[in-house]
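**Q** Could you look at this predicted model? Sequence included:
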Amino acid sequence: QLQLVESGGGLVQPGGSLRLSCAASGFTLDKYAISWFRQAPGKVREGVSCISFSGSNTNYADSVKGRFTISRDNAKNTAYLQMNSLKPEDTAVYFCAAGRIWYTGTCATQGLMDYWGKGTLVTVSS
């Protein structure tokens with residue numbers, strides 16, 4: 001079965017850190033660019049970050065630039081999102097997605113993703 005599974009979400013205080021993982025099964029992740037999206041309560045899903053096939057290129061939304069770091073380990077068929085200096089406005093369900101399209105300087109849109117995980121909830125609150 002082809003699937004992506006996110007993990008690592010939870011409750012964290014403002015200023016804290018979390019690392020999300022996105023594990024692929026049933027397909028080889030190195031043939032896909034990986035994106036992270038998030039959806040806050042009552043809001044539309046938005047792009048957070050993306051990483052190219054080899055991991056040599058990354059893009060970030062302005063709202064997370066300098067705080068979040070995306071990475072991947074193709075040998076483990078897994079991608080990651082390290083989130084530091086978390087803010088209450090980072091509270092959302094985080095989704096990883098895999099797509100065959102890579103653009104330099106920006107992330108592919110949601111409609112170009114081939115596979116999606118079911119999401120992991122991140123809550124930033126004191």
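**A** That came in fine, so what should we check first?
**Q** Pairing partners for the residue nearest the centre of the chain in the sheet, please.
**A** Taking CA atoms, centre = their mean, the centroid of the chain lies closest to Trp36, which sits 2.4 Å from it. Taking DSSP bridges as the rule, Trp36 bridges to Ser49, Cys96.
**Q** How confident is the prediction for Cys50, by pLDDT?
**A** According to the prediction, Cys50 has pLDDT 98.
**Q** so who does it touch?
**A** Ala33, Ile34, Ser35, Trp36, Thr58, Asn59, Ile70, Trp102, Cys107, Ala108 (CB atoms under 8 Å, 6 or more residues apart in numbering). (Glycine included, C-beta is placed from N, CA and C.)
**Q** okay, now the second one: neighbour count?
**A** It refers to Ile34. As a burial measure, Ile34 scores 30 neighbours (other CB atoms under 10 Å).
**Q** ok so, going back, so which two of the contacts of Cys50 are the farthest from each other?
**A** Farthest-apart pair in those is Trp36 and Trp102; separation 14.7 Å (CB to CB).
**Q** Quick one: the strands in this protein, in order.
**A** 3-7, 10-12, 18-25, 33-39, 46-51, 58-60, 68-73, 78-83, 92-99, 115-116, 120-124 (DSSP state E).
**Q** List the buried residues in the fourth one.
**A** Under the neighbour-count criterion of 16 or more other CB atoms under 10 Å, strand 33-39 has Ala33, Ile34, Ser35, Trp36, Phe37, Arg38 buried.
**Q** Give me the angle between it and strand 3-7.
**A** 60 degrees (axes from the mean of the first three to the mean of the last three CA atoms, to 10 degrees).
**Q** Cheers, nothing more for now.
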